[in-house]
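Chemist: Everything below, folded, please.
(one chain, ligands or ions: 1)
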Amino acid sequence: MSRAEKLTDQILERIKGKDVKVKREDILRRMKLLIEEFKVPESEAVRTIMNYLVREYGIPREELFDRDSPLVKIADISKVNQWVSLKAKVVQLWDSNSPNVSQVGLIGDETGIVKFVVWAKASQPEVEEGKSYIFRNVVTDSFQGRMQINVTRTSRIEEIDEDIQLPPREIEVVGSMVAIQQNSGLVKRCNECGRVLNKGVCHQHGKVEGYDDLRIKAVIDDGENVYEIILNEENIRELTGIGLEDALKIAHETLDRNAVLLELKNMLLGRYFRVKGLRGGRYLLVKEISVHKPKADDFNEILEALA
Ligand SMILES: [Zn+2]
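Modeler: Okay, here's the model as predicted:
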């Protein structure tokens, strides 16, 4: 699609759903004339044609010029040439080696991250990494198969006093399990809400029968940070070979539900694990966990550190 066609469609997008019969060919012919023949800057060409539409078709000015595009989430951007507004945080800025580009980088909201380009001709205020903004009337585009948004002269960037959250990012940590909390092991959960019971009592639903489950709340230390993780029955069975049935058997044989926790502590505490998960503050939501066997080098490092 040529630039003239793209810009024509952007204009048509603005009056979509309005009861106006505008011929695409009419606009396209004028657009080609302006940007290809007369080499008028694109934003000027768009402005000229929108003025023409106001005059010839009686479209109210504010519909073409002032109407803000709908606020959308980044995850919902899937088509090119859509005029949208975004509430987003500047994740990262890159150096641009093109004189046509004023700023380029990544912006994100809680649903996703997308590349953005501020054209030099757009003459917009500069944005800063880590700050949140409303990007009004930006247009979607695609470059090398990936979506991006373009900030043009018709766009408006306004800083907002709100910290936009970014989507959780997957991280991998290798560390030792330094603690297992007391309310771990063979637990009872509330039949109503699934919360772990404390002495047969649900925080929300009071004294209930409950059902058995296996879980571990543990702390992983990777030498720099500590992460709290929660392991479900499946994780525990994979790591220790002890599933819910085995745990019930241990409790039955020893007449002590706590014996399960002791057994799990013996098997897990002080060991090294590789954990893949989503970071949410101090918690790490576990997606995958496996025993990590340190290499000889790691031991040397540890020995050196202890020496
Ligand atoms: Zn409950």
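Chemist: Run a quick neighbour tally on the closest residue to the ion within the stretch 1-150 of the chain.
Modeler: With C-beta to the ion, the shortest gap between the stretch 1-150 of the chain and the ion falls at Glu110, namely 28.6 Å. To be clear about C-beta, it is placed using only N, CA and C from the backbone, and glycine gets the same treatment. By the measure other C-beta atoms under 10 Å, the count of residues near Glu110 is 15.
Chemist: do the same with Trp119
Modeler: The criterion is other C-beta under 10 Å. On that basis, Trp119 has 20 neighbouring residues.
Chemist: so it bridges to which residues?
Modeler: For Trp119, the beta-bridge assignment (DSSP bridges) gives partners Val101.
Chemist: Help me confirm that it comes into contact with Thr152.
Modeler: Yes: look at Trp119 against Thr152 with C-beta atoms under 8 Å: they come within range, at 6.1 Å.
Chemist: how about the residue of the stretch 1-150 of the chain closest to the ion, what does it touch?
Modeler: When contacts are counted by C-beta atoms under 8 Å, 6 or more residues apart in numbering, Glu110 touches Lys73, Ile164, Gln165, Leu166, Pro167.
Chemist: buried ones in stretch 150-168?
Modeler: Within stretch 150-168, the residues that count as buried by 16 or more other C-beta atoms under 10 Å are Asn150, Val151, Thr152, Arg153, Thr154, Ser155, Arg156, Ile157, Ile164, Leu166.
Chemist: so where's the stretch 51-200 of the chain shaky on pLDDT?
Modeler: Residue ranges of the stretch 51-200 of the chain with pLDDT under 70: 66-67.
Chemist: pretty sure Gly112 contacts Pro168?
Modeler: No: the pair Gly112 and Pro168 fails to qualify as a contact (C-beta under 8 Å) at a distance of 11.4 Å.
Chemist: other SSEs contacting the longest helix anywhere in the chain?
Modeler: Looking only at the chain and at elements set by DSSP state H, the helix with the highest residue count is helix 42-57. Using 3 or more C-beta pairs under 8 Å, 6 or more residues apart in numbering; DSSP states H and E as the contact criterion, the neighbours of helix 42-57 among helices and strands are helix 3-14, helix 24-32, helix 61-65.
Chemist: isn't there a strand covering Lys188?
Modeler: Yes: in this structure, Lys188 lies within a strand as judged by DSSP: H, G, I helix; E, B strand; the rest coil.
Chemist: re the thing from before, among the helices and strands packed on helix 42-57, which is nearest Gln82?
Modeler: Ranking those by proximity to Gln82 (C-beta to C-beta) places helix 3-14 first, at 6.6 Å.
Chemist: still on that earlier bit, closest to Arg61 among the buried residues of stretch 150-168?
Modeler: Closest to Arg61 out of those is Thr154 (13.4 Å), distances taken as C-beta to C-beta.
Chemist: and the closest residue to the closest one other than its chain neighbours, what element?
Modeler: Of all residues beyond its chain neighbours, the one nearest Thr154 is Asn137 (5.3 Å), with distances taken as C-beta to C-beta, 6 or more residues apart in numbering. Secondary-structure element containing Asn137, defined by DSSP states H and E: strand 132-143.
Chemist: Tell me how many other residues crowd Gln204.
Modeler: For Gln204, using other C-beta under 10 Å, the count is 10.
Chemist: Alongside the ion, which residues does the protein contribute?
Modeler: Among all residues of the chain, those adjacent to the ion (criterion: C-beta under 5 Å from the ion) are Cys190, Glu192, Cys193, Arg195, Cys202, Gln204, His205.
Chemist: Skipping its backbone neighbours, what lies nearest the third one in space?
Modeler: Right, the one you point to is Cys193. Spatial nearest neighbour of Cys193, excluding adjacent residues (C-beta to C-beta, 6+ apart): Gln204 at 5.6 Å.
Chemist: quick one on the thing from earlier: extract the C-alpha set from the strand holding Asn137 and format it as CSV.
Modeler: Once side chains and other backbone atoms are set aside, the C-alpha atoms of strand 132-143 remain, and they are given as CSV (Å, rounded to 0.1, in the frame of the first residue of the first chain):
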residue,chain,number,x,y,z
SER,A,132,3.5,7.5,32.0
TYR,A,133,1.5,9.4,29.4
ILE,A,134,-1.6,9.5,27.4
PHE,A,135,-0.7,9.2,23.7
ARG,A,136,-3.8,10.7,22.0
ASN,A,137,-4.6,10.2,18.4
VAL,A,138,-1.6,8.0,17.4
VAL,A,139,-1.8,5.7,14.4
THR,A,140,-1.0,2.1,14.3
ASP,A,141,1.5,0.8,11.7
SER,A,142,3.6,-2.3,11.2
PHE,A,143,7.3,-2.6,10.5
